[in-house]
Every structure is written in C-alpha cells, then in structure tokens.
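1. Requesting a structural model of the entry that follows:
(2 chains)
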Amino acid sequence: MTDKLDRWADPPLLVLASLAGEPKHGYAITQDVAQTMGVRLSAGTLYAVIARLEARGLIEPLEAEDRRRPYRITAAGATVLARQSERMSKVASLAQARLSTNLGWAGA
Amino acid sequence: MKPPAQVPSGTPLCRAALALYPPSWRARYADEVRALLDDSGASPAAAAASLAARALPAWVRPSRHLYDDGPARMRASVATVLMAGSMLTGLGLVFVQLTQAQGLRPGQHPVIGWCYAVFDVAFVLSLLVAAAGGLPLWFLMLRRACREVSPRDVTYLLLPVMASVSYLAAMIATIRRVGGPDGVGPGWFGVIILAGFVAAAVAAAGPGVALRRLRPRGPALRLATTAAALAARIMLVAVAAVIVAVIGLCVWAPDFAGHHHATLPGVYLVLMAAAAAVTVVSASRGARAARAS
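-> From the prediction side, this is the model:
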C-alpha cells in the first residue's frame, strides 16, 4: 500500500528536485529520481514534464552533448521548488506530530 | 552518472510513438528521447506506450516555447483549419441532405427539432465568420501573386472557385443524366458525395499551398487566424448538434437507422468528431500564436 503511494508523487516536483543539485540530461534525471526518491519516470512522462517546465521558465536547456541535452533549474524554478518544499515540510511535520500524539507512532 | 552500454535504438514501436507528436515537439525533443531510451535500455513496448499516452496532450496543450515563429504557426493553422473545416462542411451538407432534406422529423421530436435549428444557425454562422476573416488574406495573397506574375500561385488561390464550379456543374449534369423522379440511386449518391469530398479537399488545398509559398504575415494573417479559431468553435456547436440529432434519430426514428444501416451513423459520427477535433486543436494553436505575436 505504501509503495502504491509513489504514483501520487508529482513528477514536475521530482524533476525540479533532481535538477536542484546539478544540471542533468534525461537519463541522469531518471536515474537520480529512481535512486533518491524511488520513483521511476517513464520517457513519456519525463519529456512531458521537461517540456512543461521549460515552457514555464522553471528549467532551461544547456548545450547538448551528442544527443543528450542537460537541463538546469532557473531562479524561478528554485523559488517554486523552495515554496513547494516548505509546504510539504509543513504537511509532513503536522502529520508526524498528530500521528505520534494520537497513535503513538513517531514514524520510521 | 555514466549511462550503461548502448542497446539497439529507435525500435519501430518507439519511432511510431514519437511520430504521434507534433512536428515542433519532435524537432525539439525526439533526439533526446531516443538517447534516453538508448541509455536506459527500457522495454520498447513500455517506452512506446508511455510516449504514445503523452502524445495527445502534446497536441491539445502544446508548450508555448515549441511554437515556430508566430506567422508560420498561424499559416499552418489556417491551412489545417481550411482542410479540416472543408471536410466538416461536407459532412454537414451530408447531414442536411440525409435528414432535414428528407423531412425526417419523427413526430416533430423537440430535441431533434432543436438540434436542426442549432446546427443550421451554427453552420451558417461558422462559414460566414471564416469567410469574413479569411477573404482579406485571400485577396492580399491574390494581389501579391498577380503583382509578382505568378500564374501557379494565382491558380492555387483560385482553386476553391474552380473546384466548386466544376463540382456543381458535374453534379447537375450527373443528376440530369441518371436521376429519376426520386433523385439518384444510392450508388450514384455515394459517387456524388465522394466527388464532393475530393472537390472540397482540392479547394482547401489550393490556398493551403499558396500560404506555404507566399508566406503572408501581418494583420490580415492574424485576422484570418482569429476568425478561423472563432469559426472552429462555432462549428463545434454545430457538430455537437449533429451528434445529438443523429443519436436521437437512431433512438427515436428506427426507420432512419434501418434505412441507412446501423453502422453508417456511427462511422459518420466518428469522422465528424475526428474532423472537429483536428479543426479545434489546430485553430486553438493558431489563436495562441496570434495572441502572442
């Protein structure tokens, strides 16, 4: 059941979080997201997200190396990611606090 | 992060899935996607399925940064709307011929009656809007083709008139020759309809080719694009009315479906919906480019 929740992960946020570390091309993004967040992004999903993020100016393409074009998070993308992270952090803190108060569960 | 060893790339499945995307999307991302598939060694079937599933949204909600320059997008939209719109017009005329002209108003059913009225108004309004917005661009291109003494472009631009007149003349001659007191038989009716669609395609293709060759831009192109978008939306109302009317006729007038075979209305509706989808998507893309320019 817990693993199934992976599908609710927001792909654009995962891609932004991956690019927050360093610029990466498509394959590197999928590897990073799979290793650090345990979510496998398909080619169709990844490039739909890249196109959307690029259109909104949240990421930008760099010079292509062979056919692999790295992407870099922009200042606007970093702002969006920071705002979303803050919200998620608040939700996570609240959830953990209430779970531990009501159910005596402090999380993993 | 080092990618694994190369695996055979560009499987037919993935190539087919990528071919479903808009040209501008493919020009921008197809190479990267192929590189990703090479690096990841993903299952071709799964990769193709994931790509195919995202192709329709790429058409319906194209990313703004993927537009080619505004005028090129607008010209492409006007040409596509012209072609798909002419098919819709043909399908609409078939609807009129097979329903309203046959007096198929079972018991004056109010829903069908309303659908006929909505269709008639929306259909005529859509054609008027398209003509009002498109004629200035057509005259502009015709003037330019005449000024540059380009008989080929003049011919392309006059194709709608020539195709329509030729079709009408051929249709009248055919009906006079083979028609009886009740009109022509189903075989000849099919031939006339088919010839009508060919004539409509030729008529629409002429200005479409002229748009590509003469590459007009400016206010006339923006007006034509905006009018095409408005006409497409109005035509969508007409299409909705046709869909309800045809379903209504099949439900409330068994003679209708029985006379025309049950599958024909279904095929007709699928064609109508497909032409409407192409028209509206392309018109919306053109309208966005017109607003941005």
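2. which stretches of the chain have low pLDDT?
-> Using chain A. Where chain A drops to pLDDT under 70, the residues are A:1-9, A:104-108.
3. wait, I meant chain B there
-> Within chain B, the stretches falling below the threshold (pLDDT under 70) are B:1-10, B:67-69, B:100-108, B:253-262.
4. So which bits of it are right by chain A?
-> Residues of chain B lying close to chain A (CB under 8 Å from any CB of the partner chain) are B:1, B:3, B:17, B:25, B:28-29, B:31-37, B:39-40, B:42, B:46-47, B:49-54, B:57-58, B:63-66. C-beta here means a position set from N, CA and C on the backbone, and glycine is covered the same way.
5. Can you say which of those are buried?
-> Buried by 16 or more other CB atoms under 10 Å in any protein chain shown: B:3, B:17, B:25, B:28-29, B:31-37, B:39-40, B:42, B:47, B:50-52, B:54, B:58, B:63, B:66, out of those.
6. Which of the residues of chain B next to chain A fall within strands?
-> Among those, DSSP state E puts none in strands.
7. Which single residue in the stretch 151-293 of chain B comes nearest to chain A?
-> residue B:288 (11.7 Å; CB to the nearest CB).
8. Quick check, central residue of chain A?
-> residue A:14 (1.2 Å; CA atoms, centre = their mean).
9. coming back round to it: and the residue of the stretch 151-293 of chain B closest to chain A, how many neighbours?
-> As a burial measure, residue B:288 scores 20 neighbours (other CB atoms under 10 Å in any protein chain shown).
10. Am I right that it falls within a helix?
-> Yes - applying DSSP: H, G, I helix; E, B strand; the rest coil, one finds residue B:288 inside a helix.
11. Grab the nearest non-local neighbour of it.
-> residue B:64 (7.2 Å; CB to CB, 6 or more residues apart in numbering or on different chains).
12. Hmm, the one you found is touching residue A:55, no?
-> Yes - assessed by CB atoms under 8 Å, residue B:64 is found in contact with residue A:55 at 5.1 Å.
13. Helices of the chain, start to end?
-> I went with chain A, as the question did not name one. Ranges of helices within chain A are A:11-21, A:26-37, A:43-55, A:75-103, based on DSSP state H.
14. actually it's chain B I care about, not the one you picked
-> Counting by DSSP H, the helices of chain B are B:12-19, B:23-40, B:44-60, B:70-98, B:110-147, B:151-178, B:186-214, B:219-252, B:254-260, B:263-292.
15. Any idea which of those helices gets closest to residue A:79?
-> helix B:263-292 (24.2 Å; CB to CB).
16. Now tabulate the helices of chain A in JSON lines and tack on distance to residue B:195.
-> Formatted as JSON lines, these follow (distance: least, CB to CB, whole Å):
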{"stretch": "helix A:11-21", "distance to residue B:195": "50"}
{"stretch": "helix A:26-37", "distance to residue B:195": "50"}
{"stretch": "helix A:43-55", "distance to residue B:195": "42"}
{"stretch": "helix A:75-103", "distance to residue B:195": "56"}
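17. most tightly surrounded among the ones you listed?
-> Stretch with highest mean neighbour count among the helices of chain A: helix A:43-55 (a mean of 23; mean count of other CB atoms under 10 Å in any protein chain shown).
18. Output that helix as CSV, nothing but the C-alphas.
-> Listed next in CSV are the C-alpha coordinates belonging to helix A:43-55 (Å, rounded to 0.1, in the frame of the first residue of the first chain):
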residue,chain,number,x,y,z
ALA,A,43,10.3,8.5,-21.1
GLY,A,44,6.8,9.9,-22.0
THR,A,45,6.3,11.3,-18.5
LEU,A,46,9.8,12.8,-18.2
TYR,A,47,9.7,14.6,-21.5
ALA,A,48,6.1,15.9,-21.0
VAL,A,49,7.4,17.3,-17.7
ILE,A,50,10.6,18.7,-19.2
ALA,A,51,8.5,20.4,-21.9
ARG,A,52,6.1,21.9,-19.4
LEU,A,53,8.8,23.1,-17.0
GLU,A,54,10.8,24.6,-19.9
ALA,A,55,7.7,26.4,-21.2
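19. okay but the residue nearest to the centre of chain A is in contact with residue A:33, surely?
-> Yes - with contact defined as CB under 8 Å, residue A:14 reaches residue A:33; the gap is 5.0 Å.
20. intersection of neighbour lists for these two?
-> By CB atoms under 8 Å, 6 or more residues apart in numbering or on different chains, residue A:14 and residue A:33 have these common neighbours: A:39, A:41.
21. do you know which of the helices of chain A lies nearest residue B:221?
-> helix A:43-55 (23.7 Å).
22. do that closest one and chain B meet at all?
-> Yes - judged by CB under 8 Å from any CB, helix A:43-55 and chain B are in contact via A:43-48, A:50-52, A:54-55.
23. just checking, what packs against that helix?
-> With contacts defined as 3 or more CB pairs under 8 Å, 6 or more residues apart in numbering or on different chains; DSSP states H and E, helix A:43-55 has these neighbours: helix A:11-21, helix A:26-37, strand A:59-61, strand A:71-73, helix B:23-40, helix B:44-60.
24. Kindly present these as TSV, with separate columns for distance to residue B:164.
-> TSV is the format used below for the helices and strands packed on helix A:43-55 (distance: least, CB to CB, whole Å):
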stretch	distance to residue B:164
helix A:11-21	50
helix A:26-37	50
strand A:59-61	48
strand A:71-73	51
helix B:23-40	31
helix B:44-60	31
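25. among these, which is nearest residue B:70?
-> Where these are weighed against each other on CB to CB, the nearest is helix B:23-40, at 12.6 Å.
26. counting contacts, what elements does that closest one pack onto?
-> Secondary-structure packing of helix B:23-40 (3+ CB pairs under 8 Å, 6+ apart): helix A:26-37, helix A:43-55, helix B:12-19, helix B:44-60.
27. Columns distance to residue A:94 on top of the ones you listed, output as JSON lines?
-> Shown next, in JSON lines, are those (distance: least, CB to CB, whole Å):
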{"stretch": "helix A:26-37", "distance to residue A:94": "21"}
{"stretch": "helix A:43-55", "distance to residue A:94": "28"}
{"stretch": "helix B:12-19", "distance to residue A:94": "42"}
{"stretch": "helix B:44-60", "distance to residue A:94": "34"}
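28. So for residue B:81, which of the ones you listed sits nearest?
-> Here helix B:44-60 is closest among those (CB to CB), at 14.3 Å.
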